[in-house]
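Novice: Provided below for reference: sequence and predicted model.
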Amino acid sequence: MKKYLFALLSIMLFMTLALAGCGNDKNKEGNQSGGSTRDIFIYGIAADPGSNINVLTTSDRFGLMSLKAMFSPLYMYRGDDNIEYFLAESMTPSEDFLTYTAKLREDVKWHDGKPFTADDVLFTYEAIINEPASWLNSQMMFDGKPVELKKINDYEVEFVLPSVSMSAMEVLSKIFIMPKHIYEGEEDIANSPKNATPIGTGPYKFKEYKTGESLTFEKNEDYFLGEPNISTIVYRVLQDPSAAKLALKAGEVDALVVSDYTDIAELEKEKNLQLKSYTEDRVGYLAFNLTSSKVQDKEFRQALAYAINREDINIACYLSDEYSSVAPSFLPKAANFYTEDVNQFKFDSGKEKALLGDKKETLKLAYTGNDIPQQKQAQVIQQNLKDVGITVELVGMDGPALSQKLKTGHTEFDMYLNGYIMGIDPDLYGTLFMSGGPNNYMNYSNSKLDELFVQGRVETDLKKRQEIYEEVQEIIADDAAFIPLVENKRVVAFNSKLAGIEEAGLVPVYTFDDLSKLYYE
């Protein structure tokens, strides 16, 4: 009997250990029911990046985040003293600023094991030049002519500009390189079925996509900057902010952007979370749709600018100046040649009343309906303008639908809320404000401004460029077709055991500069 009991106990002990072992293996693969994990990182995102992620046409935040996980650029430019090199070891301009020479790494392989060479670089940039639908196409055009690429050898490429452009060092960066051996011969790369199973050089490989649910990556053991620490990365789609917050608190996701800043105090109390805030050099703004007859008069727009209390707007949206500041210029503070010496239209009921007189009007204001800060911006603006006799009807829209509507001439709304992350050099902002610019959704036009943007692009004297762009900022402020509202910080909540965040680099748009550096403590 004792032998029987001993055998029974032994069997039970063995089964307990076996089950415990199975539980540990499951946790190693990724425990989505709570707690930290060591081999999986789950990032909750607010929209589905889709199955057609490609270098040519992908431009939304979550699509670009996915590109950054799987692909690599030559380098990322964030200022002359802040250049992060990836596929290139260096990028050197000639003395006349017409030729830029990239020396490439020789130790890079595509995810399928093929070597990366200069041919891939030429193929990518030429594909952008030959694809008018690409949002990058205009960046490759200088004075109406495309940049020319020359292969010096397998690991050296020259970019030859048809004319000087002092923003070229930044313009030529941040472009993810495509594999020539995969896409060569494709007639329509932007819509190729090959986009559904991307092959890149980045730290993570494509593993699986589930429509409306998730995008999963597995680590690239041959990543040229070193094997990633975490085996699996998952971008989990959570479009409902309330459900996303619950998933974060329950440990079902390891990272989530804080969409409602009033949640910060609550999340800071969670022991399993750590919050990080950082600048994206983002400018949030109110713009007028100048195809609408109601907002043609400059004095009327100026009156509305004086009537809007931007400090109140920012407190309502971002709680304090810890996370936001009023934006006086269309340029972020980190941009070259930024100035605050412009008409900032500080809240002043006396000035707006003098400009408005007895004028009454009803205006429609469009914004992204599920964007919590924009919801609050719209509500404060509605009340501010009501106080001066202007009725504002709010038009909340789906983000992609609003974006698509902005690309067409229409009068469905008279003004709209939006934001951008453009870069360091003011020349890059010309697409937003120059007559006929590809991103000039206001349909704004000022011939003097057009001339200044052209002059600023080719001027090599820094002092003269400063003068040009200061005048550019003055004109845009005075015309009041565009009212900058805020520069806000982005706040992300992370699993408290996630480490390597500083090494991975918190950067605009992509969140991380290099996912491979993340690990769990």
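Specialist: That came through, no problem. Numbers count the residues shown, from 1 in each chain.

Novice: where does K3 land on pLDDT?
Specialist: Per-residue confidence (pLDDT) for K3: 38.

Novice: Tell me which stretches of the stretch 51-200 of the chain form helices.
Specialist: Assignment of helices within the stretch 51-200 of the chain using DSSP state H, counting those that start in this stretch yields the ranges 61-70, 118-129, 168-171, 180-183.

Novice: how about those helices, which one is nearest T211?
Specialist: helix 61-70 (13.8 Å; Cβ to Cβ). The C-beta positions use only the backbone N, C-alpha and C, and glycine is treated the same way.

Novice: tell me which strands and helices that closest one is in contact with?
Specialist: When contacts are defined as 3 or more Cβ pairs under 8 Å, 6 or more residues apart in numbering; DSSP states H and E, helix 61-70 packs onto strand 204-210, strand 214-219, strand 232-237.

Novice: do that again at 10 Å, thanks
Specialist: strand 40-45, strand 204-210, strand 214-219, strand 232-237, strand 511-512 (3 or more Cβ pairs under 10 Å, 6 or more residues apart in numbering; DSSP states H and E).

Novice: For the spatially closest residue to Y429 that is not a sequence neighbour, pull up the helix or strand it's in.
Specialist: Nearest residue to Y429 in three dimensions, chain neighbours excluded: M422, at 5.5 Å (Cβ to Cβ, 6 or more residues apart in numbering). If you go by DSSP states H and E, M422 is not part of any helix or strand.

Novice: quick one: M422 and T431 touch, right?
Specialist: Yes: shown here, M422 and T431 form a contact pair, counting by Cβ atoms under 10 Å, at 8.5 Å.

Novice: longest strand anywhere in this structure?
Specialist: strand 482-495 (DSSP state E).

Novice: could you dump it to PDB, C-alpha only?
Specialist: Extracted in PDB, the C-alpha atoms of strand 482-495 (Å, rounded to 0.1, in the frame of the first residue of the first chain):
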ATOM      1  CA  PHE A 482      -3.400  78.600 -41.000                       C
ATOM      2  CA  ILE A 483      -3.500  79.000 -37.200                       C
ATOM      3  CA  PRO A 484      -0.900  77.000 -35.300                       C
ATOM      4  CA  LEU A 485      -2.400  75.700 -32.000                       C
ATOM      5  CA  VAL A 486       0.000  73.500 -30.200                       C
ATOM      6  CA  GLU A 487       3.300  71.600 -30.000                       C
ATOM      7  CA  ASN A 488       2.500  68.600 -27.900                       C
ATOM      8  CA  LYS A 489       4.500  65.800 -26.400                       C
ATOM      9  CA  ARG A 490       3.600  62.200 -27.100                       C
ATOM     10  CA  VAL A 491       3.000  60.000 -24.000                       C
ATOM     11  CA  VAL A 492       3.400  56.200 -24.200                       C
ATOM     12  CA  ALA A 493       2.700  53.800 -21.300                       C
ATOM     13  CA  PHE A 494       5.000  50.700 -21.300                       C
ATOM     14  CA  ASN A 495       5.200  47.500 -19.400                       C
END
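
Novice: any idea of the angle that strand forms with strand 40-45?
Specialist: 150 degrees (axes from the mean of the first three to the mean of the last three Cα atoms, to 10 degrees).

Novice: Many thanks, I have nothing further to ask.
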